[in-house]
Structures are given as structure tokens and as C-alpha cells.
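Engineer: what follows is a predicted protein model with its sequence.
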Amino acid sequence: MANTDFKSMQTEDKTAWVKETLKAVRDANFFGKFTGTGSENIIQEVRELSANNKGATTAQIALVQDLVGTGVTGDATLLGNEEPMDSSWISIGYDQLRNATKNVGKLNNQKSVIQFREQAKDKLSHWLKNIIEDLTVLTLTGVTYDKNIDGSTRTILAGQSNLTTLDYASDVSASTSGRHFNWTGTSLVAGDTTTVTAAYVPTYKMLLQLKATAMVRGLRPLMVGGKPIYVFLMEPRSFALLKADPDFRTNFTQGAPRDLNSKIFTGMDGMTTDGIVIHCHNKVYNTTGLASASKWGAGGLVDGCANLLLGAQACAMVNIHSQFDWNEEWIDYENSGGISVGAMFGFRKLKFKSLRDGATVQDFGVMRVNTAI
């Protein structure tokens with residue numbers, strides 16, 4: 001019986017591991033189901049840039065505005081009075097991000113019951129999935145990449161890079177005025193984390209006002225089965241407070257079958273109400289990792305979160321390669337082995353001129369609403 005020799009793994013075997021890792025990342029990535037190349041996706045993936053398209057540093061996405069003029073009536077002259085079409089452009093950059101792990105050596109690997117290669121594949125794919133999710137949420141929320149999802153400062157290991165050095169990190173922008181709100185418990189007001197109180201808990205009325213505001217402000221919904229849909233991403237503790245609202249429970253218990261499989265009883269996310277699909281996920285920016293006096297509200301004492309209402313083209317992602325780079329190599333006279341994973345990609349929240357907001361530049365497909373938790 002032949003023994004498996006790590007150092008002589010065939011190219012086909014490495015390729016298989018790359019594909020497995022890529023599949024693991026895509027399947028586990030929460031935003032994978034919302035990502036696609038068309039403009040009808042929450043995350044619009046741009047693939048025009050490729051490894052063969054060398055020299056291109058950014059991708060471009062444009063929005064051509066609807067016509068707003070009145071035209072001419074009767075026999076009035078139209079020639080020379082045509083209405084010009086207006087467009088907004090935004091560029092999306094990209095950079096390379098890599099990580100690796102290395103074993104001590106053959107002897108250590110032999111004596112350990114933990115299989116280095118298996119663990120490396122699992123942990124590196126999990127790392128990449130987490131990084132992609134973090135960058136997506138931070139970009140949509142308008143929080144710099146040196147922060148964790150819980151608001152704490154991201155740990156940087158010796159010799160590794162701060163994510164703020166990514167080429168597109170400087171494109172992260174705060175939520176725009178027409179897309180940033182606080183929910184006071186009774187109404188939507190301008191977004192301001194310093195005014196949040198413990199009473200700012202989500203309710204069913206919040207969902208109704210959010211959808212109405214999104215429609216009035218021109219936040220383009222997703223079309224699912226021919227019906228317009230928004231996705232509302234909620235932090236778990238915020239979602240728990242929403243489910244405790246009597247109006248919310250009444251809405252679901254009266255409209256849902258009275259059995260244990262009803263989502264209101266099982267606690268599953270993905271609930272749909274009034275054209276909004278609610279998803280509960282840990283990757284929603286919040287303040288629980290911040291010290292007292294550094295949170296939200298007067299004195300920085302209130303824990304809060306930035307829930308996100310998402311429509312079409314909320315964010316763009318440049319993806320250079322169809323699959324990630326996976327490399328294995330041996331050093332020290334082939335005694336110790338290392339495995340790395342890397343990818344070239346970039347994110348940017350899409351912002352275009354909004355004629356419904358006084359022709360100001362606004363976030364195009366996302367609204368942020370701050371609540372207490």
C-alpha cells in the first residue's frame with residue numbers, strides 16, 4: 001500500500017482542493033445568494049476585469065437617470081429643445097488579500113492526530129468567507145475596515161496588514177443623509193448615533209415606514225417572481241426585540257398557520273411581510289464590542305446596531321479570478337509545509353445622483369436604520 005506524500009501532491013489534486021475551497025466559501029457566504037452579475041442583485045458582481053485584462057485598475061458602473069422634462073405640446077418646436085439624458089458614474093477598485101498557515105515539520109505532523117492539510121483547507125476557507133462577509137457589511141454600513149462587526153478595533157497579527165491599506169478601503173463612505181435613519185420606537189428620524197436611547201427598539205410600524213420611505217426615495221427593489229421585494233438584514237438581538245412587538249406577532253400569528261412549523265414559532269429568519277424579507281444574521285454592525293462611554297447615545301452608554309434595508313445594486317464587487325489562488329509549498333529541504341489562499345477582489349457601495357433627493361448623490365440600494373439592542 002502506497003503512503004500519501006504531502007510534498008508530491010499532483011496538480012489535479014491541488015486544483016480539486018481549490019475548487020472545494022471556493023465552493024465552501026461561496027456556499028457559506030451569507031451574501032452569496034444575493035450576489036450576481038446583473039443589476040437585479042443586491043451585490044452586483046463585476047467580472048469585466050480579469051487576469052488577462054492587465055492594466056485596468058478599476059471597473060466602472062453607470063446609472064442613466066430617467067427623463068424629468070415635460071416635453072412640448074401642440075405644434076411647439078421640439079428640434080433644439082430635446083431633453084439631455086443625465087448619468088452618474090462610480091468606479092470600483094480591487095486589491096489582493098492573502099493568508100497562509102504553516103506546519104512545524106514532518107515529525108510534528110507525524111506525531112499529531114490532527115491532519116494539517118485538512119485543517120488548513122477548512123480554516124483558510126472559513127477565514128476568507130468571514131473576511132468577505134465583514135468587508136461587505138462594513139462597506140454597506142459605512143464603517144472603516146479597521147473595525148470588527150461588533151465595533152471593536154480589528155486585531156492585526158505581527159507582520160500582517162491592516163485592512164485599511166486595501167486599495168479600495170478609502171472608498172468606504174458614511175451613509176448618506178437620505179438613506180440614514182434612527183428608529184425612535186415610533187418614527188423614523190435622521191440618522192444620528194449620538195441620540196439613540198434604549199427606547200429605540202424596532203417595531204412592526206418601523207417596517208411599514210421603512211418600505212414607504214424606500215419607495216418614495218426611489219430605492220429600487222429586487223424583483224422576485226415578478227413581485228418587488230426588499231431584504232431587511234437585522235442583528236439577532238434587534239430581531240428578538242422586533243418579534244416581541246405585539247403588532248408584529250399579531251401580523252404573523254393571524255396570517256400564518258397555527259402549528260409548530262410556522263416561522264414565528266421556530267425562530268427561523270427569512271420571514272416575509274409587506275414586501276420585506278427579514279433575515280437575521282450575526283454580521284450586522286453593532287456596538288457590543290465597544291467599552292462603556294464609547295457606544296451610542298448620551299454618554300456613549302447605549303448598545304445599538306445598524307440594520308440594513310437592501311434593494312438592487314446596493315454594492316458592487318469586483319472579482320478578478322473565477323476561483324481563488326491556492327498554493328502549497330515545502331521549505332527547509334522539504335521538511336515543513338505551508339498552504340496559502342488568496343484572492344483579488346474589491347467592494348464599493350454604489351452611490352448615484354438621486355432626483356428624488358434634490359439631485360444629491362445618495363446611496364443607491366441601501367438604507368441604514370439604527371436601533372437599540
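Structural biologist: Noted; the coordinates are in hand. Residues are numbered from 1 along each chain as shown.
Engineer: just say helix, strand or coil for Thr194.
Structural biologist: Counting by DSSP: H, G, I helix; E, B strand; the rest coil, the backbone at Thr194 sits in helix.
Engineer: quick check, it in contact with Trp296.
Structural biologist: Yes: using Cβ atoms under 8 Å, Thr194 is in contact with Trp296, at 6.9 Å. Any C-beta I mention is one placed from the backbone N, CA and C, and that applies to glycine too.
Engineer: what is the neighbour count of Met271?
Structural biologist: 20 (other Cβ atoms under 10 Å).
Engineer: okay, and the beta partners of it?
Structural biologist: Beta-bridge partners for Met271, by DSSP bridges, are Ile278.
Engineer: ok, it to Asn307 distance?
Structural biologist: 14 Å (Cβ to Cβ, to the nearest Å).
Engineer: of Thr194 and Trp296, which one has the most company?
Structural biologist: Between Thr194 and Trp296, Trp296 has the larger neighbour count (other Cβ under 10 Å), namely 27 against 11.
Engineer: local confidence estimate at the more buried one?
Structural biologist: We have a pLDDT of 98 for Trp296.
Engineer: got a list of what it touches?
Structural biologist: 193-194, 196, 287, 302-304, 370, 372 (Cβ atoms under 8 Å, 6 or more residues apart in numbering).
Engineer: what distance do you get for it to Ala199?
Structural biologist: 13 Å.
Engineer: shared neighbours, the two?
Structural biologist: Shared contacts of Trp296 and Ala199 (Cβ under 8 Å, 6+ apart): Ala372.
Engineer: what distance do you get for the residue nearest to Thr193 when sequence neighbours are not counted to Leu242?
Structural biologist: Spatial nearest neighbour of Thr193, excluding adjacent residues (Cβ to Cβ, 6 or more residues apart in numbering): Trp296 at 4.3 Å. From Trp296 across to Leu242, the span is 18 Å (Cβ to Cβ).
Engineer: same deal with Gly311?
Structural biologist: 20 Å.
Engineer: who's more crowded, those two?
Structural biologist: Using other Cβ under 10 Å as the criterion, Gly311 and Leu242 rank with Leu242 on top: 24 against 21.
Engineer: contact partners for the more buried one?
Structural biologist: Counted by Cβ under 8 Å, 6+ apart, Leu242 has contacts 201-204, 206, 234, 248, 278.
Engineer: by neighbour count, which of those residues wins?
Structural biologist: Using other Cβ under 10 Å as the neighbour criterion, Pro202 leads these with 28 neighbours.
Engineer: once you drop chain neighbours, what's closest to that residue?
Structural biologist: Leu242 (4.3 Å).
Engineer: okay, buried residues for the helix or strand hosting that neighbour please.
Structural biologist: Here Leu242, judged by DSSP states H and E, is contained in helix 236-243. Under the neighbour-count criterion of 16 or more other Cβ atoms under 10 Å, helix 236-243 has 236-239, 241-243 buried.
Engineer: strands of the stretch 201-350 of the chain, start to end?
Structural biologist: For the stretch 201-350 of the chain, the strands defined by DSSP state E, counting those that start in this stretch cover 222-224, 227-234, 271-273, 276-280, 304-310, 315-319, 325-331, 336-349.
Engineer: contacts for the first one?
Structural biologist: Same thing as strand 222-224. Residues outside strand 222-224 that contact it (Cβ under 8 Å, 6+ apart) are 40-42, 228-231, 311-312.
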